[in-house]
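**Q** quick one, fold the following:
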Amino acid sequence: MRDLFGQALLDYQNSVSTGSMTEDIVTWTNISDKDVLPLPYLFRDYKDMPKLEQKALKLCRGSVLDVGCGSGSHSLYLQKTSFNVKAIDISKGAIEVAQKRGVLTAKVLNILDETETFDTILLLMNGTGIFQELVQVSKYLSHLKSLLKPNGQILIDSSDIKYMYEDEDGGFWMDTNSDYYGELDYFLSYKGEKELPMKWLYLDFNTLKLACETVGLTCELVLEGDHFDYLAQLSL
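**A** The predicted model follows:
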């Protein structure tokens with residue numbers, strides 16, 4: 001990976017102090033057209049976060065692991081409310097930005113390489129995306145389970161993107177012989193350069209709940225968003 005995402009975050013962070021102009025990130029998938037991801041949105045304060053994220057942050061307790069922390073917005077809010085937070089991301093640029101913004105403990109790390117235990121594990125902004133494919137969900141959930149302290153919790157959000165396959169007549173054009181409909185190829189470009197495509201998973205709640213049961217986790221629906229998105233709480 002070229003870490004164009006991290007470079008975009010670094011450019012924006014530097015532009016705040018220099019006043020220079022930056023470009024936004026452009027994303028698309030194998031089933032959707034190109035869309036602009038505004039960089040300021042990735043630096044948002046609590047008041048500008050979606051209600052699902054706000055609810056998740058309010059539910060945090062004890063020591064917190066912020067998985068896929070990006071620029072560190074969630075970690076910064078939790079730090080300000082006296083939580084002990086560890087922020088991790090596979091993007092070196094993102095971690096550098098999180099540190100520059102004041103996140104006290106931020107590390108370049110894949111969640112599968114994490115070994116510490118926590119009271120709360122936070123996976124937001126389509127937290128199921130890191131699972132990549134349906135066949136890997138159990139592996140990731142089992143590992144996340146191993147990182148929980150007694151009475152620990154996992155707060156994770158995602159969306160049921162079945163609506164993206166709906167036709168004008170209200171039917172669905174999904175190929176029943178193909179892979180799970182939430183498995184997408186995700187593409188990103190920044191300043192005319194393209195990142196290597198990656199697998200990204202959107203998981204409907206019922207499928208997540210079933211996967212949790214197979215690894216010994218309970219899964220409760222906490223809140224539904226305005227557009228097929230939801231927040232779930234997983235526990236031992």
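**Q** hmm, who's touching the least confident helix or strand in the chain by mean pLDDT?
**A** Every helix and strand of the chain was ranked by mean pLDDT, DSSP states H and E. The lowest is helix 4-18, at a mean of 93. Contact with helix 4-18 is made by 20-25, 39-40, 42-43, 70-71, 91-97, 100-101, 188-191, 193-195, as judged by CB atoms under 8 Å, 6 or more residues apart in numbering. (Each C-beta comes from the backbone N, C-alpha and C, glycine too.)
**Q** which ones among the residues you listed are found in helices?
**A** Secondary structure assignment by DSSP state H places 92-97, 100-101 of the contacts of helix 4-18 in helices.
**Q** just name the closest of those to residue 210, please.
**A** Closest to residue 210 out of the ones in helices among the contacts of helix 4-18 is residue 94 (31.7 Å), distances taken as CB to CB.
**Q** contacts only, for that closest one.
**A** By CB under 8 Å, 6+ apart, residue 94 lies in contact with 5-6, 9, 69-72.
**Q** and for residue 106?
**A** Residue 106 makes contact with 69, 72, 75, 86-89, 95, 98-99, according to CB under 8 Å, 6+ apart.
**Q** from the residues you listed, pick the one nearest residue 125.
**A** Looking at those and their distance to residue 125, the nearest is residue 69, at 9.9 Å (CB to CB).
**Q** what's the closest non-adjacent residue to the closest one?
**A** Closest residue to residue 69 in three dimensions, ignoring its sequence neighbours and counting by CB to CB, 6 or more residues apart in numbering: residue 87, at 3.7 Å.
**Q** the one you found against residue 103, yeah?
**A** Yes. Contact between residue 87 and residue 103 holds when scored by CB atoms under 8 Å: they sit 5.1 Å apart.
**Q** the more surrounded of those two?
**A** Here residue 87 and residue 103 are set side by side on neighbour count (other CB atoms under 10 Å), and the busier one is residue 87, at 29 against 24.
**Q** phi, psi of that one?
**A** Residue 87 has phi and psi values of phi -110, psi 130 when expressed as degrees, to the nearest 10.
**Q** what do you get for residue 227?
**A** Summarising the backbone geometry of residue 227 under the convention degrees, to the nearest 10, its torsions are phi -140, psi 70.
**Q** residue 121 in helix, strand or coil?
**A** Following DSSP: H, G, I helix; E, B strand; the rest coil, residue 121 is assigned to strand.
**Q** so who does it touch?
**A** If a contact means CB under 8 Å, 6+ apart, then residue 121 has 64-65, 67, 144, 147-148, 152-155 as its contacts.
**Q** at 7 Å what do you get?
**A** The contact partners of residue 121, by CB atoms under 7 Å, 6 or more residues apart in numbering, come to 65, 67, 144, 147-148, 154.
**Q** swap in residue 21?
**A** With contacts defined as CB under 7 Å, 6+ apart, residue 21 is in contact with residue 15.
**Q** recalculate using a threshold of 6 Å.
**A** Residues touching residue 21, when contacts are defined by CB atoms under 6 Å, 6 or more residues apart in numbering, are absent altogether.
**Q** for it, give its distance to residue 39.
**A** Residue 21 sits 11 Å away from residue 39, taking CB to CB, to the nearest Å as the criterion.
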